[in-house]
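[1] Would you be able to build a 3D model of this:
(3 chains)
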Amino acid sequence: MSQIVLPQSQISYLSDGVSLRSWLLTTDHKRIGILYMISITFFFFLGGSAAALIRYNLILPEGAIQSAETYNRLFTMHGIIMVWFFLVPAVPVTIGNFVVPLMLGARDLAFPKLNLFSWYLFMAGGFCALYALFSGGVDTGWTFYTPLSSNYAQGHVVAVVAGIFISGFSTIATGLNFIITIHRLRAPGLTWYRLPVFIWSLYSTSIIFVLATPVLAITLLLLVFETLFHVGVFDPRLGGDPLLFQHMFWFYSHPAVYIMILPGLGIVSEIIPVFARKELFGYKFVVWASVSIAVIAFFVWGHHMFVSGQSLFASVAFSLLSYLVAVPSAIKVFNWLGTLHKGHIRFDAPMIYALGFIGLFTMGGITGLYLAALAADIHLHDTYFVIAHFHYIMVGGMVSAYFAGLHYWWPKMTGKMYPEMIARAAALLMFLGFNLTFFPQYILGYLGMPRRYHAYPPEFQVLNVLSSAGATILAAAYLLPLFYLTFSIFRGERAPANPWGSLGLEWQTPSPPFTKNFTVTPLVTKGPYEFPEPGAIDV
Amino acid sequence: MRRRHRFNLLIWLALLIVAVLEFGFSFAPIPAGARPILMLPAVLMVALVALGYMRLLTAPEIARGFAIAGIFWLTILLGLAMTDPLTRSVYAVIG
Amino acid sequence: MNSLSPARSMSEEVAPHTHFQYADAGHQANTAVAGMWLFLASEVLFFGGLIAAWMFCRHWQPAGFDAGARETVLWIGSLNLVLLITSSFVYSSGLAFIKAGNAGRLIQCCVLTMIIGTLFLLLKFYEWHIDISEGLFPSSGFFKITGADAGGARMFWSFYFVATALHALHMIVGVGLVGWIAIQARRGAYVAGWFTPVEVVGLYWSFVDIVWIVLYPAIYLVGRG
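    Modelled structure (predicted):
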């Protein structure tokens, strides 16, 4: 059969070259998004396996895995993989890479080769960290506090840190690419206030990528120097200040948690208007809330250090600022509720995940305020309350949002529809399993069970067993999409260009899009949420 | 073009003068706590390089935004981090 | 929401050097310059973290920190400052020459910049040799300064080696980039109408200069009271 070669603005990006080389040397942002998605999925399930072992250990008060040392390495590995190799990159590099140029009416990102390079950096960092984690790992916790990590840790601190260091450059490159693309490659007529909220969220996320990650880089370098040469920069016996490490570490790591959540907030802001068939309530408030979160994020890091010996004056300042950062997040929640009110709601899978997000994120967010109160934090710091708080936001919130976005844009990315009823069941199962896993942990923390302990007093067993049972359900709920989404690639129904009836630019392209995205640059005349009044047109 | 070259030369001379002054001033009897003011001439030199050689004023507008963002965030890092050591109560070690 | 009317078609022929996602060469040039400034903003935070460490360490160990600083080789540091300032001047002149279309002068300026940069690095390596042979590398073995000031001095010298090594690494990359510019100019890649890489590399080079301008008093002057 003779091949008719079509110009790249008319072939689906998936068919445009089928060799391994065409994938590994691609500069097409869509293919790079798919490459990342494979890597991210792998890390998610690896980090999840560590979590499964943690929950298994905690069904017995004396610890089902007898060695405390092994347990320490497990929770460290879980934290490192989930933070740096899943949550921080997940949405920006998978959905973001795929969808950003499409939403802007552009043909690719500003720097496509840099984009490919950032995937290779991510893989290099990942392999480095994995090698170290599997040759015995590290027992310091993902936070690497000194002098434990520099003087006393058993294991491969330098190798793990090197992996994280390399992957950091990957994220700086992605952030830089997004910021420049959003400034410079918007289609004619696409003014800032016509941009989808997802773009504003990724822009805010990218600000943090570019400005916070370098501080992590220098912190890790100093840690390695200290580990290798024991000079005393972080060692109080030699005149150094262990809090210097904590200040520098949290200067990055607190904004990092906003890196993790902001894209999710953006996804939910995309999905709610579409599935409520109603214009997003308070667009300008929502977008400026995203930017405010990104900026104020940098002012609050000391709330991780209230009991560390930090000055009381600094603690008070950080506590007040932490209350401030909750305000824009709350504004977003109210805006979503305002959008849902009197909307025409459909409960497709993306919407179930998004609605679950609103509830779980709100719970996680409010418990953050308890922790920001100095007096309460004395009691709650380093307990399961903190763990429940951040898992409500990161897992109940962010992972739900990631799955929401994955389902929402799946037809666009693969050209196939996933099986709807199984997807809804998985979403509900996830919501149930998640609450069963993590709600007991709030109670455990309030009752005083410390985190990072492989054994615990027997009176806490019931709650721990409930939590572990929930974890089993959660695991099933996460495995379901792995199977049915993969299945849909081969046997799914063909997807139309716009299965959800959305108004965004990316839905004006076929499913899957052409390599060069748009044959002709679109001209934009309206915002992306201007749905007709409910009841006016039957959709 | 001659104007551009002359301008570059003037910036170079200005930088050298500030450097020499900074060097000379370091020999003045400034108490140890106040010695960091010797970093101020460096700030002036940074401004000369950024405005003179990196031509920040004629760069695209977002470039100026990025430069200001970098300085602003640096101020947050250094300023907010220093509130801790400057206000911490240090208790003597017992025993 | 939007009509796909062909208000501006991007599938027309674009000028050489212009990639397909840009409207024209000017668009791409401004984007490259903006991208470099954003990268430099991230570098400000990178070296900024190091300055934060300097501030903390000097705050907690003022006597020892300055005792360590007094052992630095002032003449090499100062000479390196003058060299780098001059190199920024030379490279900027090269940029001005290519703006007027003079590629030959650009190449000369690039070569001179590379020579100055290499001289800086050689002096730096010589300085490290002096420091190490005097026992100033702060590992747990022999260290020149002992007694109450030893801890603070060790911290100063850790800062010194980390800062100057990172700066030297950036210099090596910079010299390489300037060399690449010279090679491209030799091949006739740059003309009066298009010289974006020259501009972008110039920004990076001047930034490396700025880092030294800030490190110089922190290392050589502040502690010498």
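
[2] Correct me if wrong: residue A:504 contacts residue A:195.
    No: judged on C-beta atoms under 8 Å, residue A:504 makes no contact with residue A:195 at a distance of 10.1 Å. C-beta coordinates here come from the backbone N, C-alpha and C atoms, glycine included.

[3] Can you pull the residues that touch both of those two?
    Common neighbours of residue A:504 and residue A:195 (criterion: C-beta atoms under 8 Å, 6 or more residues apart in numbering or on different chains): A:103, A:528.

[4] Which parts of chain C are helices?
    C:25-60, C:62-69, C:74-99, C:103-133, C:150-186, C:196-216 (DSSP state H).

[5] okay, those helices in JSON lines with distance to residue A:227 and mean pLDDT next?
    Shown next, in JSON lines, are the helices of chain C (distance: least, C-beta to C-beta, whole Å; pLDDT from 0 to 100):
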{"stretch": "helix C:25-60", "distance to residue A:227": "15", "mean pLDDT": "93"}
{"stretch": "helix C:62-69", "distance to residue A:227": "21", "mean pLDDT": "92"}
{"stretch": "helix C:74-99", "distance to residue A:227": "28", "mean pLDDT": "96"}
{"stretch": "helix C:103-133", "distance to residue A:227": "20", "mean pLDDT": "96"}
{"stretch": "helix C:150-186", "distance to residue A:227": "12", "mean pLDDT": "95"}
{"stretch": "helix C:196-216", "distance to residue A:227": "24", "mean pLDDT": "96"}
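
[6] can I get those in TSV with distance to chain B?
    Putting the helices of chain C into TSV (distance: least, C-beta to the nearest C-beta, whole Å) gives the following:
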stretch	distance to chain B
helix C:25-60	3
helix C:62-69	6
helix C:74-99	4
helix C:103-133	10
helix C:150-186	12
helix C:196-216	5
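
[7] I'd like to know which of the ones you listed lies nearest to residue B:13.
    Closest to residue B:13 of the helices of chain C is helix C:74-99 (C-beta to C-beta; 9.2 Å).

[8] Next to chain A in this structure, residues from chain B, please.
    B:62, B:69-70, B:73, B:76-77, B:80-81, B:83-89 (C-beta under 8 Å from any C-beta of the partner chain).

[9] Out of those residues, the closest to chain C would be?
    residue B:70 (3.4 Å; C-beta to the nearest C-beta).

[10] Sketch out the low-pLDDT regions of the chain for me.
    In the absence of a named chain, this looks at chain A. Residues of chain A that meet the criterion pLDDT under 70 lie in A:1-9, A:154, A:533-539.

[11] Not quite, go with chain B.
    Where chain B drops to pLDDT under 70, the residues are B:95.

[12] Just give me the longest helix of it.
    Across chain B, the longest stretch assigned as helix under DSSP H is helix B:61-87.

[13] For the most centrally placed residue in chain B, identify the helix or strand it belongs to.
    What sits nearest the mean C-alpha location of chain B, by C-alpha atoms, centre = their mean, is residue B:43, with 2.3 Å. Secondary structure assignment for residue B:43, by DSSP states H and E: helix B:40-48.

[14] So which elements touch that helix?
    helix B:2-25, helix C:196-216 (3 or more C-beta pairs under 8 Å, 6 or more residues apart in numbering or on different chains; DSSP states H and E).

[15] Could you export those helices as a markdown table, including distance to residue A:519 and mean neighbour count?
    Listed next are the helices and strands packed on helix B:40-48 as a markdown table, based on distance: least, C-beta to C-beta, whole Å; neighbours: other C-beta atoms under 10 Å in any protein chain shown:
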| stretch | distance to residue A:519 | mean neighbour count |
| --- | --- | --- |
| helix B:2-25 | 44 | 15 |
| helix C:196-216 | 28 | 23 |
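
[16] As JSON lines, the ones you listed with distance to residue A:130 would be great.
    Compiled in JSON lines, these are given as follows (distance: least, C-beta to C-beta, whole Å):
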{"stretch": "helix B:2-25", "distance to residue A:130": "48"}
{"stretch": "helix C:196-216", "distance to residue A:130": "33"}
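
[17] And these: which comes nearest residue A:532?
    helix C:196-216 (46.1 Å).

[18] What is that closest one packed up against?
    Secondary-structure packing of helix C:196-216 (3+ C-beta pairs under 8 Å, 6+ apart): helix B:40-48, helix C:25-60, helix C:74-99, helix C:150-186.

[19] Export those helices as CSV, with columns for distance to residue B:5.
    Output for the helices and strands packed on helix C:196-216, formatted as CSV (distance: least, C-beta to C-beta, whole Å):
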stretch, distance to residue B:5
helix B:40-48, 17
helix C:25-60, 21
helix C:74-99, 6
helix C:150-186, 18
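
[20] Could you point out which of those sits nearest residue A:164?
    helix C:25-60 (15.1 Å).
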